[in-house]
Structures are given as structure tokens and as C-alpha cells.
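Novice: structure here, sequence nowhere to be found:
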């Protein structure tokens, strides 16, 4: 029982966004405002956090920063990603959450070193344009207006975590089948009604969350999911016999109905 409680607690942190840049490593040179940046040796700045400053950034603001690895422009009501961002070729993490982005710009693909992208709570209707990142491991698209997981995302061969809760996605698309490194799949609050049989074959999957979807049945070979740490199905209208089958097939998995 203790193990399951701990797993549930960890899952809650994960789904709430524990990778959402709330702190900076102590060994990284970090600036948290343009004013602080102006007073810092910008050539040594690795992390620039401008969350909620109500401003965009210019080419001059980001000039002379050869080692910038992380940039956070979240919560600034921005409808476009500033052009100055696209010259930061060393970026590994890019946060643009809670803005007003309606389309993924083609130029974002120029940032080939990105391994983490956070576009939560924007106005995206399509995820096309996000399949261009050969190193991407984490992709957050919660709270947008996505209607599908496009086939173009199948090229994200190193993707480990995919979060797309609170969208309008109706099915778990074939692109997911190509994510052989995937560990966490979170699609809460989407109008998904079926779980494809092949999902249980993803070799590294550790967590699946489908809270508030329309799913009422899981794949036939459910025993293949015994390696999961958690399976979250809260708010789904599973029949009693299906719930019994799921529990019997996955006796050691932390399951939430």
C-alpha cells in the first residue's frame, strides 16, 4: 500500500508539470530579467527566464549569448515567437507556455538542439512543425486546441514524454507508435474513445494517463502493461467487468479509476 501511495504522489507531481522550470541549477549562470541580464556577463549566461515580464525580446536583448541553453518566455501574452529566438542555436530547453501562439513557426525547426519544448496553454490548432527536432525528449502541448497528433510527429524518435491534455484530440494517432523511447503518455481531457491495440507494445512505456476521456475499454493483451508504474483512468465510464479485467491483468500497477 505504501508503494502505491508514493507512486500516486509522484504521478500527481508529474502530471502537474514538475518539469515546468520552477528553479535553476546552482551551477548555471541565470538571469531572470532584462535588467539583470544587462548587469551580467551575458557571454556566460546559460539560462534566461523572462516569465511574466509582459515584454517580448529583441535581437539586441539576446545578442552575445553563445552558451544560452534555456530560454523561458512564458506568460507574456505573446502571439508570436520573437525572431531573435531563432538565432540561439545552442538552446536545449524552450518555454513558451501560457501565451497566445496560434501556429508553430517554421523557423522553430532551426533550433535543432532542443530536447524540451513547452507550449502549454496557447492557441495551437495543429502540432505540424514540431516533428523537426532530432533530439527532442519532452514535448508539452497541454491546453491548446489540437484536433490530432499528426503523422509528422512520428519522426521524434527520442521522445520520452508527451503531454497533450485538454485538447480536442479524438484518437491516439499512428505517430505515437513510432515513439519507441516513450515513457509517459498523458492525454487527459480529450475526446478519445479508443486505445489502439499496439499501444501495449511500446517497449519503454511507464505511465499512461487518460483521465476524463471517453475510453471504456483497454487493449486485449493488457498483460503487456504489467511494466507500467501507473495507469490513470479517472472519470472514464468503464463497465464493472472491464474494471475487473484491468485490475486482474495489472495487479501491481498503480491504477486510478
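Specialist: Alright, I've got the coordinates. As the structure is a computational prediction, the values presented were derived from the model and not from experiment.

Novice: and residue 215, what is it in contact with?
Specialist: Residues counted as contacts of residue 215 (C-beta atoms under 8 Å, 6 or more residues apart in numbering) are 192-195, 233, 236, 238. Where you see a C-beta, it was placed from the backbone N, CA and C, and this is true even at glycine.

Novice: same list (the residues you listed) but as a markdown table, adding distance to residue 52 and neighbour count.
Specialist: Below are these laid out as a markdown table (distance: C-beta to C-beta, whole Å; neighbours: other C-beta atoms under 10 Å):
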| residue | distance to residue 52 | neighbour count |
| --- | --- | --- |
| 192 | 33 | 19 |
| 193 | 38 | 12 |
| 194 | 39 | 15 |
| 195 | 38 | 21 |
| 233 | 35 | 24 |
| 236 | 35 | 20 |
| 238 | 40 | 16 |
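
Novice: what's the closest of the residues you listed to residue 99?
Specialist: residue 192 (25.9 Å; C-beta to C-beta).

Novice: need phi/psi at the residue lying closest to the closest one once chain neighbours are set aside.
Specialist: Closest residue to residue 192 apart from its sequence neighbours, by C-beta to C-beta, 6 or more residues apart in numbering: residue 213 at 4.4 Å. Backbone torsions for residue 213, taken as degrees, to the nearest 10, come to phi -90, psi -170.

Novice: so residue 213 makes contact with residue 194?
Specialist: No - checked against C-beta atoms under 8 Å, the pair residue 213 and residue 194 is beyond contact range at 9.6 Å.

Novice: can you give me the pLDDT of the residue nearest to residue 192?
Specialist: Note for residue 213: predicted pLDDT of 98.

Novice: same question for residue 24.
Specialist: So residue 24 comes in at 50 (pLDDT).

Novice: now swap in the one 5 residues further on and tell me
Specialist: Among the per-residue scores, residue 29 shows a pLDDT of 95.

Novice: just residue 249 next, same as before
Specialist: You'll see residue 249 listed with a pLDDT of 98.

Novice: what are the neighbouring residues in contact with it?
Specialist: Residue 249 touches 222-223, 225-226, counting by C-beta under 8 Å, 6+ apart.

Novice: could you pull out the strands for this protein?
Specialist: 30-31, 47-49, 70-72, 93-95, 116-118, 138-140, 161-163, 184-186, 207-209, 230-232, 254-256 (DSSP state E).

Novice: rewinding a little: okay, the contacts of residue 215 in TSV with pLDDT and distance to residue 86 next?
Specialist: TSV is the format used below for these (pLDDT from 0 to 100; distance: C-beta to C-beta, whole Å):
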residue	pLDDT	distance to residue 86
192	98	34
193	98	39
194	98	39
195	98	38
233	98	40
236	98	41
238	98	46
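
Novice: closest to residue 162 among those?
Specialist: Minimum distance to residue 162 across those is 13.5 Å, recorded for residue 192 (C-beta to C-beta).

Novice: before we move on, the earlier item: ok, which of the strands of the chain comes nearest residue 82?
Specialist: Across these, residue 82 has its closest neighbour in strand 70-72 (9.9 Å, C-beta to C-beta).

Novice: how far away from the center of its chain is the closest one?
Specialist: Computed by C-alpha atoms, centre = their mean, to the nearest Å, the chain-centroid distance of strand 70-72 equals 15 Å.

Novice: what's next to it, contact-wise?
Specialist: Contacts of strand 70-72 (C-beta under 8 Å, 6+ apart): 21, 28, 46-51, 85, 88, 91-95.

Novice: equivalent analysis for stretch 95-111, please.
Specialist: Residues contacting stretch 95-111 (C-beta under 8 Å, 6+ apart): 20-21, 51, 70-81, 83, 85-86, 88-89, 91, 94, 118-130, 132-133, 140.
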